[in-house]
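Generate a structure from the sequence data that follows.
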Amino acid sequence: MRTIYLDCGMGAAGDMLTAALLELMPNQDAFVEELNGLGIPGIRFTAEKCEKCGILGTHMKVTVHGEEEDDHHHHHGHLADIRGIVSGLPLPTMVKLDILAVYEEVAQAESHVHGVPVEHIHFHEVGTMDAIADVTAVCLLLHRLAPDKIIASPVHVGSGQVRCAHGILPVPAPATAYLLRGIPIYGGSIDGELCTPTGAALLKHFATEFGQMPVMKVQAIGYGMGRKDFPRANCVRALLGETEAPIDAIVELRCNVDDMTGEAIGFALEQLLGSGALDAFTVPVGMKKSRPGVLITVLCREEKKEVMVRLLLKHTTTLGVREFPCRRYTLSRTMEVVNTPFGPVRKKVSSGYGVHREKLEYDDLVKIAKEQNISLAEALDQTGAVSLK
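So this is what the prediction gives:
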């Protein structure tokens with residue numbers, strides 16, 4: 001499984017993530033020129049070699065109309081302004097959706113912290129043009145690198161205070177702290193803001209899990225350097241390699257019933273699936289006294305087991321539930337968007353163990369079939385799906 005591991009031992013910022021991922025690319029100069037050709041208003045990318053504590057890496061310098069932005073020079077903007085800029089960029093649809101999703105995360109955080117509606121948020125630090133450039137670069141880099149999984153280390157946030165547009169705030173800044181909810185973070189002796197709102201939002205959007213580096217066969221390593229100097233190398237390290245597909249441990253719950261209607265069984269399955277079951281299904285069986293019956297099976301994760309048992313006992317007539325621990329082997333799954341004559345359609349992509357499968361989203365095809373008054377088979381045939389990857 002193609003995996004990227006992000007070492008955030010010195011936090012994360014948009015420019016550091018950009019530079020680290022850039023070093024994983026086979027043709028870095030060509031990619032930088034591609035970024036410059038996107039036409040982000042006034043933006044110029046320059047990849048500079050940089051040394052921190054004896055380690056050589058890359059610093060991604062972003063200039064706006066020839067000047068590098070700093071903590072005292074910001075262009076403020078609303079979410080609508082950012083949407084307008086992103087919509088006009090010559091990028092794949094999925095990349096645009098990723099960029100906007102990252103900004104939606106930041107907007108929600110700022111809205112919560114300041115008590116202002118999302119559409120009225122002024123994007124101070126994260127609203128600068130160089131931040132738009134950083135988010136765009138990271139989203140496009142990950143689209144090109146196409147990892148099956150992104151894992152990040154616990155995030156070092158720094159300590160002390162930080163000066164921003166609202167005044168002097170504690171580290172991590174309130175919006176950053178809100179974005180990092182549910183993510184393992186820690187402070188330390190480094191005085192300063194190590195994780196920015198942009199970095200936090202990018203990690204939250206892309207990282208599928210946080211923890212120690214897994215066993216992996218590393219193929220490439222990238223060092224993305226920050227602007228500031230600290231006693232420790234101020235960088236994000238990105239490692240690209242192959243990891244074994246994990247064996248997923250789940251629980252299988254079963255019960256037999258012979259005195260329920262089909263409608264009642266259907267309702268029970270809806271309750272189970274709606275409450276987090278991985279799957280729930282029935283099999284006809286023969287029971288004692290030659291009675292026809294139904295075997296109800298539920299697949300769930302260990303932490304959902306008690307909930308599922310209670311639902312089975314509540315919504316079925318069974319007097320007992322059997323439990324079987326299981327291990328399953330799964331393909332990694334991602335969702336892409338393809339362009340069709342009827343508009344964008346989602347596509348499920350599954351891969352792993354040498355297998356690659358693609359399937360258009362059923363609900364999207366049904367919508368097309370209804371709108372065009374054609375059969376489902378015709379909708380599938382006439383979409384002529386052209387991938388926007």
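
What is the end-to-end distance of stretch 220-232?
Terminal residues of stretch 220-232 lie 22 Å apart, using C-alpha to C-alpha, to the nearest Å.

what's the answer for stretch 229-243, then?
OK, stretch 229-243 end separation, C-alpha to C-alpha: 33 Å.

ok, now stretch 240-256?
End-to-end span of stretch 240-256 (C-alpha to C-alpha): 48 Å.

Name the residues of that stretch that are buried.
Residues of stretch 240-256 classed as buried by neighbour count (16 or more other C-beta atoms under 10 Å): Leu240, Gly241, Thr243, Ile250, Val251, Glu252, Leu253, Arg254, Cys255, Asn256. C-beta: built from backbone N, CA, C; applies to glycine.

Can you say which two of the residues you listed are spatially most distant?
Using C-beta to C-beta, those span at most 49.3 Å, a distance reached by Leu240 and Asn256.

Can you pull the poorly scored residue ranges out of this protein?
69-77, 118, 120-128, 165-166, 245-246, 384-389 (pLDDT under 70).

what residue of it is the furthest out?
Relative to the centre of the chain, the most outlying C-alpha is that of Lys289, 53.1 Å out, by C-alpha atoms, centre = their mean.

Val366 is in what secondary structure piece?
In this assignment (DSSP states H and E), Val366 forms part of helix 362-372.

Might you calculate how far the helix or strand that that helix is followed by sits from the centre of the chain?
Using DSSP H and E, the helix or strand that follows helix 362-372 towards the C-terminus is helix 376-382. On the basis of C-alpha atoms, centre = their mean, to the nearest Å, helix 376-382 sits 31 Å off its chain's mean C-alpha point.

Buried residues in helix 376-382, which are they?
Across helix 376-382, burial judged by 16+ other C-beta under 10 Å covers Ala379, Leu380.

Then stretch 24-33?
Leu24, Met25, Phe31, Val32.

what's in contact with it?
4, 22, 45-47, 58, 141, 144-145, 220-222, 238, 240 (C-beta atoms under 8 Å, 6 or more residues apart in numbering).

thinking again about what came up before, of all the buried residues of stretch 24-33, which comes closest to Lys367?
For the buried residues of stretch 24-33, the nearest to Lys367 is Phe31 (36.5 Å; C-beta to C-beta).

Secondary structure element holding that closest one?
Using DSSP H and E, the element containing Phe31 is helix 28-36.

With Val62 instead?
For Val62, the host element (DSSP H and E) is strand 55-64.

next SSE after that strand?
Next along the chain after strand 55-64, taking DSSP H and E as the criterion, comes strand 67-68.

got the CA positions of the next helix-or-strand element following that next one in PDB?
Moving toward the C-terminus from strand 67-68, the next helix or strand (DSSP H and E) is helix 79-87. Taking Å, rounded to 0.1, in the frame of the first residue of the first chain, the C-alpha atoms of helix 79-87 are listed here in PDB:
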ATOM      1  CA  LEU A  79     -14.600  32.600   1.900                       C
ATOM      2  CA  ALA A  80     -16.500  33.800  -1.200                       C
ATOM      3  CA  ASP A  81     -13.300  35.500  -2.400                       C
ATOM      4  CA  ILE A  82     -11.300  32.400  -2.000                       C
ATOM      5  CA  ARG A  83     -14.000  30.300  -3.800                       C
ATOM      6  CA  GLY A  84     -13.800  32.800  -6.700                       C
ATOM      7  CA  ILE A  85     -10.000  32.500  -7.000                       C
ATOM      8  CA  VAL A  86     -10.000  28.700  -6.700                       C
ATOM      9  CA  SER A  87     -12.900  28.200  -9.200                       C
END
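
So which bits of helix 79-87 are buried?
The neighbour-count check on helix 79-87 (16+ other C-beta under 10 Å) flags Leu79, Ile82, Ile85, Val86 as buried.

if we take the residues you listed, which one ends up nearest to Thr198?
Nearest to Thr198 among the buried residues of helix 79-87: Ile82, at 12.2 Å, using C-beta to C-beta.

Can you tell me the closest non-neighbouring residue to the closest one?
Excluding its sequence neighbours, the residue lying closest to Ile82 (C-beta to C-beta, 6 or more residues apart in numbering) is Tyr103, at 5.4 Å.

Return the helix or strand hosting the one you found as PDB; C-alpha atoms alone will do.
Using DSSP H and E, Tyr103 falls within helix 93-114. Output of helix 93-114 as PDB, limited to C-alpha atoms (Å, rounded to 0.1, in the frame of the first residue of the first chain):
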ATOM      1  CA  THR A  93     -12.100  19.000  -9.900                       C
ATOM      2  CA  MET A  94     -10.900  16.800  -7.000                       C
ATOM      3  CA  VAL A  95      -8.100  19.200  -6.300                       C
ATOM      4  CA  LYS A  96     -10.400  22.200  -6.300                       C
ATOM      5  CA  LEU A  97     -12.800  20.300  -3.900                       C
ATOM      6  CA  ASP A  98      -9.800  19.500  -1.600                       C
ATOM      7  CA  ILE A  99      -8.700  23.200  -1.500                       C
ATOM      8  CA  LEU A 100     -12.200  24.400  -0.700                       C
ATOM      9  CA  ALA A 101     -12.700  21.700   1.900                       C
ATOM     10  CA  VAL A 102      -9.500  22.800   3.700                       C
ATOM     11  CA  TYR A 103     -10.700  26.400   3.700                       C
ATOM     12  CA  GLU A 104     -14.100  25.300   5.000                       C
ATOM     13  CA  GLU A 105     -12.400  23.700   7.900                       C
ATOM     14  CA  VAL A 106     -10.500  26.900   8.700                       C
ATOM     15  CA  ALA A 107     -13.700  28.900   8.300                       C
ATOM     16  CA  GLN A 108     -15.600  26.700  10.700                       C
ATOM     17  CA  ALA A 109     -12.800  27.000  13.200                       C
ATOM     18  CA  GLU A 110     -12.600  30.800  13.000                       C
ATOM     19  CA  SER A 111     -16.400  31.000  13.100                       C
ATOM     20  CA  HIS A 112     -16.400  29.000  16.300                       C
ATOM     21  CA  VAL A 113     -13.600  31.000  18.000                       C
ATOM     22  CA  HIS A 114     -14.900  34.500  17.100                       C
END
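
Cool, thanks, signing off.
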